[in-house]
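Visitor: with the input below, show me the fold.
(one chain, ligands or ions: 1)
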Amino acid sequence: MAMNIKPVPTLDDEVNEIRLATADIVNREILPNENKLWGWVSDSANAPNEVIEEAKALRNQVQNNVKKAKLWAPHLPQEFGGMGLSFMQHAYMNEVLSYSPGAASLFGVVAPNSGNQKILVKYGTPEQHEKWLKPLTEGRWQSGFSMTEPMNPGSDPRSLTTRADLDGDEWVINGHKWFTSNGHAANFYIVMCRTSDPNDAGGQNDKMTQIIVPKDTPGVNVIRGVPVWGRASSHCEIKYENVRVPKENQLGRTGTGHQAAQDRLGAGRVYHCMNSIGAMWRAFDLMIDRLMTREVHGGEKLEEKQFMQGFVADSYMDIQSARLMTINCAEKMESGADPRTDISSIKVFVPAAFHRVVDRAIQVYGAMGVSGDLPLAGMYQGARTLRIADGPDEVHKILIAKNILRRYHGGESWDFGN
Ligand SMILES: Cc1cc2nc3c(=O)[nH]c(=O)nc-3n(C[C@H](O)[C@H](O)[C@H](O)COP(=O)(O)OP(=O)(O)OC[C@H]3O[C@@H](n4cnc5c(N)ncnc54)[C@H](O)[C@@H]3O)c2cc1C
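Guide: Numbers count the residues shown, from 1 in each chain. Next up is the predicted model:
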């Protein structure tokens, strides 16, 4: 079933055109070829070479057409080869391109490269742009973001203990990270390091620095890809042992690492939520397709069963509420209002709604729902993982409650209209 995208009356012509052009490529070139584009992934051990080659050729072809349609790299400014979209335009485009899992990579957006590219754009010097960003945007290189540590809670990044100490003109890095996504393929990592002691003067948020570390630097020891959801993965465990890199590999001023991580996550959470909404939209369409075609007990279609009608209504409400909350949050961010309570709210609500919507679709498909023949099983794992990554649910709920209670303690109540 094709994604049904029509112009939204409240959006300007440019965003509507971008959404229609994106849907055109998703519907004509990606959806009908999903099995060829990605099919080998589910049975990669047995995939014949020609299947892998065909998939690569097809992906190149779609990527070329995306470039011709000027839809390449929506997250990057034009001077770095991207579309130069505004924040809202990018958010609205994500919802469309995420209808097909994996399609984002065909539009030049691949995590964690995309997040690293944005940080390099914002914090990098012209020399760093030339040396690290250019090969990344041209697709010649890969990268990873190395922040989380096995021995410390990733939900509180100020707890991390990987150190970088200056020795002359070099940073010397020692630490133990894991879940560095894309770790095997990466040419370099952006490593979050502690560059001042917790007891030194200054705020705790000003004691981290992000440093670029080429993977082939002596002392970078990739221990393993940590298996995820029962499968081998490229989320790597890495030990940095006396790793020496030039001082000019640091991103931004010393002590700006925490802020850079916040910059990466803030807008990123809106984009991730719009991605989840695109995926929910697909799960919803798949569910309805099955309800309208599958006959059960006595020749009735599933759609005639009230249990199933309940699924339709519940999923509709989940998607609409998740979508409107996310758009409202994005509009607040765009207007310059304080969006923190809303960012945390969507970070909790949207993955949970995504989880419920996909869960219902899986139930409707029975065994096929958990098979690799549909994108639902992958979506389910993705939705569950989102409740942990980029800040777990509980941490965001604490933030929501603190922000709200602070307002009431200050003598003001909450204004839901603003
Ligand atoms: C698939 C995947 C990819 C990832 N990719 C990357 C990556 O590329 N780079 C990177 O650096 N990291 C990455 N991560 C790591 C991710 O960011 C962390 O897992 C996340 O920040 C949580 O940290 P933690 O796992 O150490 O959990 P912890 O911080 O130990 O938290 C564990 C649990 O404790 C509870 N909890 C925590 N704090 C509180 C609190 N204050 N009150 C109540 N309960 C609390 C929550 O339920 C939480 O889920 C990835 C993770 C996954 C799963």
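Visitor: what sits against the residue in the stretch 151-300 of the chain that the ligand sits nearest to?
Guide: Nearest residue of the stretch 151-300 of the chain to the ligand, counting by CB to the nearest ligand atom: Gly154, 2.5 Å away. C-beta here means a position set from N, CA and C on the backbone, and glycine is covered the same way. Gly154 makes contact with 147-148, 179 under the criterion CB atoms under 8 Å, 6 or more residues apart in numbering.
Visitor: got a pLDDT number for it?
Guide: Note on Gly154: pLDDT of 93.
Visitor: again, but for Val243
Guide: At Val243, the pLDDT recorded in the model is 98.
Visitor: also Thr125?
Guide: The model reports Thr125 with a pLDDT of 97.
Visitor: low-confidence ranges, this structure, go.
Guide: Scanning the chain for pLDDT under 70 picks out 39-45.
Visitor: helix/strand/coil for the residue of the stretch 151-300 of the chain closest to the ligand?
Guide: Judged by DSSP: H, G, I helix; E, B strand; the rest coil, the three-state class of Gly154 is coil.
Visitor: look up phi and psi at it.
Guide: phi -60, psi -20 (degrees, to the nearest 10).
Visitor: what residues are up against the residue lying closest to Gly268 once chain neighbours are set aside?
Guide: Spatial nearest neighbour of Gly268, excluding adjacent residues (CB to CB, 6 or more residues apart in numbering): Gly115 at 6.1 Å. The contact partners of Gly115, by CB under 8 Å, 6+ apart, come to 145, 264, 268.
Visitor: now with 10 Å, please.
Guide: Contacts for Gly115 were tallied using CB atoms under 10 Å, 6 or more residues apart in numbering; they are 75, 109, 143, 145, 181, 190, 261, 263-265, 267-268, 271.
Visitor: got TSV for those, with neighbour count too?
Guide: Below are those laid out as TSV (neighbours: other CB atoms under 10 Å):
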residue	neighbour count
His75	24
Val109	25
Ser143	29
Phe145	25
Ser181	23
Ile190	28
Ala261	20
Asp263	17
Arg264	22
Leu265	16
Ala267	19
Gly268	18
Tyr271	25
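Visitor: now do the residue of the stretch 151-300 of the chain closest to the ligand against Ile388, distance only.
Guide: For Gly154, the distance to Ile388 (CB to CB, to the nearest Å) stands at 9 Å.
Visitor: cool, and Trp38?
Guide: 24 Å.
Visitor: the two: which is more packed in?
Guide: Comparing Trp38 with Ile388 by other CB atoms under 10 Å, the one with more neighbours is Trp38, at 21 against 13.
Visitor: what about the one residue sitting closest to the centre of the chain, which helix or strand?
Guide: In the chain, the residue lying closest to the centroid (CA atoms, centre = their mean) is His272, at 4.8 Å. Secondary structure from DSSP states H and E places His272 in helix 257-293.
Visitor: what comes up buried for that helix?
Guide: 257-261, 263-265, 267-288, 290-291 (16 or more other CB atoms under 10 Å).
Visitor: touching, Gln250 and Tyr123? I think so.
Guide: Yes - judged on CB atoms under 10 Å, Gln250 makes contact with Tyr123 at a distance of 9.2 Å.
Visitor: name the residues contacting each of those two.
Guide: With CB under 10 Å, 6+ apart as the test, Gln250 and Tyr123 both reach 210, 256-257.
Visitor: using JSON lines, lay out the residues you listed together with distance to Met1.
Guide: As requested, the shared contacts of Gln250 and Tyr123 are exported to JSON lines (distance: CB to CB, whole Å):
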{"residue": "Gln210", "distance to Met1": "43"}
{"residue": "Thr256", "distance to Met1": "46"}
{"residue": "Gly257", "distance to Met1": "45"}
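Visitor: quick one: which of those residues is nearest Ala337?
Guide: Of all the shared contacts of Gln250 and Tyr123, Thr256 has the smallest distance to Ala337: 24.2 Å, by CB to CB.
Visitor: what about that closest one, distance to Ala361?
Guide: According to CB to CB, Thr256 stands 43 Å off from Ala361.
Visitor: what are the ranges of the strands in the protein?
Guide: Using DSSP state E, the strands found in the chain span residues 143-146, 163-167, 170-180, 188-194, 208-214, 220-225, 236-246, 250-251, 295-296, 300-301.
Visitor: so between Gln250 and Tyr123, which is more surrounded?
Guide: Gln250 (24 against 19).
Visitor: pick out whichever of Thr256 and Ala361 has more residues nearby.
Guide: The residue with more neighbours, out of Thr256 and Ala361, is Ala361; 28 against 19, by other CB under 10 Å.
Visitor: for the more buried one, what are its contacts?
Guide: 280, 282-291, 311, 315, 369, 374-376, 379-380.
Visitor: next one: Glu394
Guide: By CB under 10 Å, 6+ apart, the neighbours of Glu394 are 155, 348, 387.
Visitor: ok, now Met379?
Guide: Contacts of Met379 by CB under 10 Å, 6+ apart are 101, 276, 279-280, 282-283, 286, 354-355, 357-359, 361-362.
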